[in-house]
Every structure is written in C-alpha cells, then in structure tokens.
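S.K.: Take this sequence and fold it.
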Amino acid sequence: MNYWLVKSEPEAYSWAQLVKDGRTAWTGVRNFQARINLRAMKKGDLVCFYHSVSEKQIVGLARVAKEAYPDPTATEGDWVCVDLEPVKPLKNPVTLEAVKSDQALKEMKLVRQSRLSVTPLTTAEFARLLELAGTRA
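M.R.: Here you go, the predicted structure:
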C-alpha cells in the first residue's frame with residue numbers, strides 16, 4: 001500500500017463535503033508532478049486530506065476508490081483524476097506548524113514542495129502523522 005496527501009482549500013472542497021458526498025472525483029489537478037502522483041495511486045491506498053490556505057491542517061483520512069482516469073473537467077491535455085472516499089476524520093487535526101516542527105516529518109513534500117497538491121507520503125511519515133493525530137488507520 002502507498003500513502004498520499006491531497007490538498008484542498010476548505011472553501012472550495014472540504015473534508016465535510018467529502019463525508020457528505022461519500023465519494024468524489026479528485027479533478028482539476030493541472031500540475032505535471034501531481035499528475036504523475038495521481039497516476040501512481042492504487043485502489044485502496046490511504047490518503048491524508050489537508051485543508052490548505054485558511055486552515056493549514058490535515059483533517060481526515062480518505063481512500064482511493066478508483067484509480068486514475070481521464071479528468072472530465074479538462075478541456076485540453078492529458079489530465080487525470082482519481083476517486084476518493086472518506087475513511088474517518090482525524091481525532092486531532094495535524095497542523096502545518098506541527099509538521100514543520102517535527103523532526104520525523106521535516107522532509108515531507110508538504111514542507112519541501114508546498115505548492116504541490118498531490119504528494120506521496122513515506123510509510124514512516126504516514127505512521128507519524130497518525131500518531132500525532134491520535135488516530136488509527
């Protein structure tokens with residue numbers, strides 16, 4: 001299994017909306033590295049859901065429900081999306097500040113490539129995030 005982090009502005013699409021919807025197509029990604037990451041996602045992979053901009057915290061755990069397929073919102077180019085479904089909210093959201101101050105997470109892509117909306121997590125990073133969140137996968 002692989003682990004991922006996806007970012008969304010809560011005003012645009014929030015964790016609460018994903019829970020309400022039960023499943024969503026993760027569309028609109030227009031970055032080449034993020035596209036590579038979307039294509040690498042496999043059904044069943046776990047995904048940390050990060051509220052960017054206003055909140056800057058990881059708030060939930062989702063799962064890849066459908067692997068990469070053509071993004072229906074793309075009018076040109078070879079863009080893809082995946083379907084995500086909620087697993088559970090984090091007991092304690094993990095803030096960007098907490099990530100940056102944790103030695104085990106200092107190399108996380110969230111810190112190193114902060115503009116990237118879809119990033120891989122190592123097994124150790126994922127485990128540490130869950131530990132900080134007081135949540136089990």
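
S.K.: show me what contacts residue 117?
M.R.: 6, 7, 8, 29, 31, 34 (CB atoms under 8 Å, 6 or more residues apart in numbering). C-beta coordinates here come from the backbone N, C-alpha and C atoms, glycine included.

S.K.: Show me what secondary structure element comes after the lengthiest strand in the chain.
M.R.: For the chain, the strand with the greatest residue count under DSSP state E is strand 80-95. Downstream of strand 80-95, the first helix or strand assigned by DSSP states H and E is helix 96-101.

S.K.: on that earlier part again, packing partners for the longest strand of the chain?
M.R.: If you count contacts as 3 or more CB pairs under 8 Å, 6 or more residues apart in numbering; DSSP states H and E, strand 80-95 packs onto helix 15-21, strand 24-25, helix 32-40, strand 46-51, strand 57-70, helix 123-133.

S.K.: thinking in terms of the whole chain, how far from its middle is it?
M.R.: Centroid separation for strand 80-95 versus its chain: 6 Å, with CA atoms, centre = their mean, to the nearest Å.

S.K.: I'd like the average pLDDT over that strand.
M.R.: When pLDDT is averaged over strand 80-95, the result is 98.

S.K.: Adjacent strands (with direction) for it?
M.R.: strand 24-25 (antiparallel), strand 57-70 (antiparallel) (DSSP bridges).

S.K.: got these as TSV, with distance to residue 83 and mean pLDDT columns?
M.R.: Output for the strands paired with strand 80-95, formatted as TSV (distance: least, CB to CB, whole Å; pLDDT from 0 to 100):
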stretch	distance to residue 83	mean pLDDT
strand 24-25	5	98
strand 57-70	4	98
